[in-house]
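Asks: Show me how the following folds:
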Amino acid sequence: MGQFAEKNPKAFLHEILKKYWGYDSFRPLQEEIINSILSGKDTIALLPTGGGKSICYQVPAIASYGICIVVSPLISLMRDQVDRLVQTGIQARALTGSLSRLEQELILDEVTDGKLKLLYVAPERLQNEKITDKLFASNLSFFAIDEAHCISQWGNDFRPSYRNLSILKEKFPNTPIIALTATATQVVCEEIETILGMKSPDFYRYSFFRPNLRYVSIFQENKAEKVQEIVQKTGGTGIIYVRSRKETESIAMALEGKRISSGHYHAGLPYADRNFIQDKWIRNEVQVIVATNAFGMGIDKPDVRFVINYGLPPDMESYYQEAGRGGRDGKPAYAVLLYSKSDFAKLRKQLIEKYPNNEDLFRVFDCLYDQYLPDFANSEEPSFELKLDALVKRSGLTTGVVWNSLLWFEQCGFILIDNSAERYASLKIQLSSGEILAERRNNPIADKIWNVLLRKFGGEAFMREVRFQPVQLFKGEKVSVENVHHYLNGLSEKGHIQYQAQNGVPKISFIRKRTIPNEKSLNINWFKELRERAEARLSYMIGYATNTDKCRAQMISSYFGEKLKSSCNNCDYCLSRVNNKLTPDVLSSLKNDYLDQLSAGPKEFTILIKSAKKGNAAQKSSVLKLLLEQNIIKTLPDGRLSLNSQS
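Replies: All right, here's what the predicted structure looks like:
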């Protein structure tokens with residue numbers, strides 16, 4: 001097992017921070033968290049988005065002997081982190097399913113040879129005995145569990161594979177663990193501690209209050225028009241979060257039409273395309289990036305001046321994490337939530353699909369076994385391609401209901417879903433331009449294929465691996481995907497290119513025999529409790545959006561168990577309260593002004609407001625409202641205001 005460096009003085013940690021990250025000092029709590037894990041203590045760190053969580057395990061990984069194993073939920077996040085570390089001279093790798101068997105074995109050899117400081121893995125990888133055997137033979141310093149809220153069944157982003165991390169303490173009882181998250185309630189933190197088997201962990205939580213963020217919520221049916229207005233008025237770079245892939249493209253195109261440089265980002269884009277637009281945005285060559293929630297984790301861009309949520313997120317955890325990507329440099333930034341009535345219906349529909357009713361669960365269960373195992377009479381564990389469309393048709397239910405039912409059956413131990421299939425083909429060209437030209441002359445199909453590849457990737461595919469979805473790339477090119485695969489596979493066998501075919505079909509394995517579905521066999525009571533928790537989170541989110549009488553920063557902090565002593569004086573509610581505050585002299589002046597104007601006869605509302613000499617727009621409107629409430633003035637049938645004859 002790993003052994004920590006006996007001495008890690010403050011000067012040494014600051015030297016590492018300066019050398020690799022260029023910072024002169026740590027952010028609040030970072031140094032305390034680092035010292036905790038270096039002392040061999042299990043540690044839980046709850047830092048808000050932008051609080052510098054990665055520093056909390058990367059610095060001690062460098063400062064200690066051995067290798068740090070980082071568990072991360074997203075392959076794209078792993079790649080981004082590793083690329084950044086390698087560029088700064090830190091030895092790091094990511095062990096992902098997209099690597100060939102040889103590439104994975106070479107990385108594991110680097111682990112046992114002590115050549116790496118950080119190894120990034122998905123939680124599923126730690127179920128592989130070959131990998132854990134290699135870790136046993138290596139010098140481990142500690143485990144870092146990133147996005148640790150995924151462990152908890154009460155979290156907003158629960159992932160069953162994360163719960164299997166309980167094996168870490170079983171297999172490596174003397175290796176400390178640090179669990180990091182930005183969004184966890186007290187209940188979630190307690191379950192993280194329990195599942196990971198932590199031993200009296202040190203707990204660090206930084207305030208959720210971001211004084212430089214101005215939270216704004218706007219009810220708006222025409223969101224597209226409002227987005228353009230906000231972007232143009234605010235200036236600077238920003239993020240617009242949307243709830244669907246289709247919206248990323250349509251909104252980005254609309255902004256481009258208004259001469260606002262924009263790009264779109266979602267998980268369905270090829271890796272190279274996502275990297276390209278992300279890099280342009282980071283370099284401020286693109287002002288706005290329109291993205292799904294796939295964008296943002298590990299993105300350390302400090303000068304984001306606005307984050308717009310184009311529609312309601314399903315819970316406060318998601319909203320806080322997305323909004324928190326603005327203003328990381330400490331300068332003022334806007335977190336704007338745009339919502340309409342239709343958002344409420346969409347989210348409630350998604351919640352119903354995520355937590356199907358008992359009848360639908362039982363129906364999907366029966367259809368699943370009918371489709372795959374009509375004569376399932378033994379204890380074998382057959383594995384099949386998951387034909388989701390056929391199951392949807394057989395059940396007569398929506399795709400969302402069927403898919404979420406399957407995920408629940410996996411939780412109950414009936415099936416295992418392998419969704420790690422590679423959704424992209426990969427290619428690296430090793431031919432010369434002359435050899436490619438010869439290929440194109442002799443083969444009309446090859447000519448069409450090379451025309452598309454070179455047009456799309458240019459010289460990039462000669463220097464590094466590029467990833468693409470064949471169906472999308474060759475759409476409308478008069479060449480079938482089967483011909484593309486056959487041709488590229490032939491070149492690969494000859495050693496002319498490196499080619500990995502797309503294999504995007506999930507697999508399903510049956511673990512338990514068929515039984516009669518009922519409340520006990522499908523853990524309906526637990527499922528019901530999870531549904532109620534999700535409903536409570538959604539209700540709080542809706543309450544936040546529609547709130548008109550509370551400080552928004554206080555609402556956010558309260559949700560995460562923190563009580564702010566005073567209001568933020570920065571959100572839309574606080575500012576409206578300040579603007580509406582009437583001093584006695586302003587109140588008196590406006591009252592006399594309006595009465596003088598109306599004494600000459602009825603006036604339109606806009607004329608009264610415009611003619612008043614004191615106060616701002618909010619104050620002027622509030623005084624008119626007060627006069628109406630006091631029955632001093634009245635509204636005429638034509639909409640004008642007049643003195644009340646009875647006053």
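Asks: low pLDDT regions in the stretch 151-300 of the chain?
Replies: Applying pLDDT under 70 to the stretch 151-300 of the chain flags the ranges 153-158, 160, 270-271, 297-298.
Asks: Just confirm Thr112 contacts Asp133, I think it does.
Replies: No - judged on Cβ atoms under 8 Å, Thr112 makes no contact with Asp133 at a distance of 9.6 Å. No exception for glycine: its C-beta is placed from N, CA and C like everyone else's.
Asks: So which elements touch the longest helix that the chain contains?
Replies: Ranked by number of residues, the top helix in the chain under DSSP state H is helix 524-546. Judged by 3 or more Cβ pairs under 8 Å, 6 or more residues apart in numbering; DSSP states H and E, helix 524-546 is in contact with strand 213-219, helix 316-323, strand 333-339, helix 341-354, helix 358-372, helix 552-559.
Asks: can you rerun that using 10 Å?
Replies: For helix 524-546, the packing partners by 3 or more Cβ pairs under 10 Å, 6 or more residues apart in numbering; DSSP states H and E come out as strand 213-219, helix 316-323, strand 333-339, helix 341-354, helix 358-372, helix 399-411, helix 552-559.
Asks: The fifth one to helix 341-354, inter-axis angle?
Replies: Which is helix 358-372. Orientation of helix 358-372 against helix 341-354 (axes from the mean of the first three to the mean of the last three Cα atoms, to 10 degrees) gives an angle of 60 degrees.
Asks: try the first one
Replies: For the pair strand 213-219 and helix 341-354, the angle between their directions (the same axes, to 10 degrees) equals 100 degrees.
Asks: got the buried residues for strand 213-219?
Replies: Leu213, Arg214, Tyr215, Val216, Ser217 (16 or more other Cβ atoms under 10 Å).
Asks: Quick check: the farthest pair among these?
Replies: Spatially, the most separated pair among these is Leu213 and Ser217, at 13.0 Å (Cβ to Cβ).
Asks: Find the residues that touch each one of these two.
Replies: Listed as contacting both Leu213 and Ser217 by Cβ atoms under 10 Å, 6 or more residues apart in numbering are Ala335, Arg552, Cys571.
Asks: Which one of the residues you listed is nearest to Pro176?
Replies: Set against Pro176, the nearest of the shared contacts of Leu213 and Ser217 by Cβ to Cβ is Ala335 (35.3 Å).
Asks: Tell me how many other residues surround the residue lying closest to that closest one once chain neighbours are set aside.
Replies: Closest residue in space to Ala335, ignoring its immediate chain neighbours: Ala323 at 3.7 Å, by Cβ to Cβ, 6 or more residues apart in numbering. By other Cβ atoms under 10 Å, the residues close to Ala323 number 27.
Asks: just checking, Ala323 touches Gly238?
Replies: No - checked against Cβ atoms under 10 Å, the pair Ala323 and Gly238 is beyond contact range at 11.5 Å.
Asks: Common neighbours of those two, please.
Replies: Joint contacts of Ala323 and Gly238 (Cβ under 10 Å, 6+ apart) are Phe306, Val307, Ile308, Ala333, Tyr334, Val336.
Asks: So for Ala267, what's the nearest residue that isn't a sequence neighbour?
Replies: The nearest residue in space to Ala267 (Cβ to Cβ, 6+ apart) is Ala294, at 4.0 Å.
Asks: picking up where we left off before, of all the helices and strands packed on helix 524-546, which lies closest to Glu170?
Replies: Glu170 sits nearest to helix 399-411 of all the helices and strands packed on helix 524-546, at 20.7 Å, using Cβ to Cβ.
Asks: from the chain's centre, how far out does that closest one sit?
Replies: On the basis of Cα atoms, centre = their mean, to the nearest Å, helix 399-411 is displaced by 21 Å from the centre of the chain it belongs to.
Asks: And it, what does it pack against?
Replies: On a contact count with 3+ Cβ pairs under 10 Å, 6+ apart, helix 399-411 meets helix 160-163, helix 341-354, helix 358-372, helix 388-395, strand 415-418, strand 507-510, helix 524-546.
Asks: Include mean neighbour count and distance to Lys233 when you put the ones you listed into CSV, please.
Replies: Compiled in CSV, the helices and strands packed on helix 399-411 are given as follows (neighbours: other Cβ atoms under 10 Å; distance: least, Cβ to Cβ, whole Å):
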stretch, mean neighbour count, distance to Lys233
helix 160-163, 19, 41
helix 341-354, 15, 23
helix 358-372, 19, 46
helix 388-395, 16, 45
strand 415-418, 16, 46
strand 507-510, 18, 50
helix 524-546, 16, 21
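Asks: okay, these in JSON lines with distance to Asn275 next?
Replies: Output for those, formatted as JSON lines (distance: least, Cβ to Cβ, whole Å):
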{"stretch": "helix 160-163", "distance to Asn275": "26"}
{"stretch": "helix 341-354", "distance to Asn275": "29"}
{"stretch": "helix 358-372", "distance to Asn275": "38"}
{"stretch": "helix 388-395", "distance to Asn275": "29"}
{"stretch": "strand 415-418", "distance to Asn275": "27"}
{"stretch": "strand 507-510", "distance to Asn275": "29"}
{"stretch": "helix 524-546", "distance to Asn275": "32"}
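Asks: mind listing the strands for the stretch 1-150 of the chain?
Replies: Taking DSSP state E, counting those that start in this stretch, the strands of the stretch 1-150 of the chain run over residues 43-46, 67-71, 92-95, 118-121, 140-145.
Asks: Please identify the pairing partners of the fourth one and their relative orientation?
Replies: Spelled out, that is strand 118-121. strand 67-71 (parallel), strand 92-95 (parallel) (DSSP bridges).
Asks: Now the longest one: buried residues?
Replies: Meaning strand 67-71. Result for strand 67-71 [16+ other Cβ under 10 Å]: buried residues Ile67, Cys68, Ile69, Val70, Val71.
Asks: likewise stretch 131-142?
Replies: Ile131, Thr132, Lys134, Leu135, Ser138, Leu140, Ser141, Phe142.
Asks: Quickly name whichever of those is closest to Leu454.
Replies: Ile131 (38.6 Å).
Asks: between the buried residues of strand 67-71, which is closest to Leu38?
Replies: Cys68 (11.2 Å).
Asks: So the closest one versus Arg79, what's the distance?
Replies: Separation of Cys68 from Arg79 (Cβ to Cβ, to the nearest Å): 17 Å.
Asks: before we move on, what about Gly601?
Replies: In terms of Cβ to Cβ, Gly601 sits 72 Å off from Arg79.
Asks: Looking only at neighbour counts, state which of those two leads.
Replies: Using other Cβ under 10 Å as the criterion, Gly601 and Arg79 rank with Arg79 on top: 18 against 9.
Asks: need the contact list for the closest residue to that one other than its chain neighbours.
Replies: Residue nearest to Arg79 in three dimensions, not counting chain neighbours: Ala94, with 5.9 Å by Cβ to Cβ, 6+ apart. Ala94 makes contacts with 70, 72, 75, 77-83, 85, 107, 118-122, as judged by Cβ under 10 Å, 6+ apart.
Asks: for Ala94, which residues make a bridge with it?
Replies: Tyr120.
Asks: Check what pLDDT it gets.
Replies: On the pLDDT scale, Ala94 is placed at 89.
Asks: Could you pull up the residues touching the residue minimising distance to the centre of the chain?
Replies: With distances taken as Cα atoms, centre = their mean, the residue of the chain nearest its centroid is Asn293 (4.0 Å). Going by Cβ under 10 Å, 6+ apart, Asn293 touches Asp157, Tyr241, Val242, Arg243, His266, Ala267, Pro313, Pro314, Ser318, Gln321, Glu322.
Asks: SS state for it?
Replies: coil (DSSP: H, G, I helix; E, B strand; the rest coil).
Asks: Tell me the spacing between it and Gln321.
Replies: Separation of Asn293 from Gln321 (Cβ to Cβ) stands at 8 Å.
Asks: Quick check: buried residues in the helix or strand where Lys233 lies?
Replies: Per DSSP states H and E, Lys233 falls inside helix 223-234. Residues of helix 223-234 classed as buried by neighbour count (16+ other Cβ under 10 Å): Lys223, Lys226, Val227, Gln228, Ile230, Val231, Thr234.
Asks: nearest to Ile277, of these?
Replies: Of all those, Ile277 sits closest to Val231, with 16.9 Å by Cβ to Cβ.
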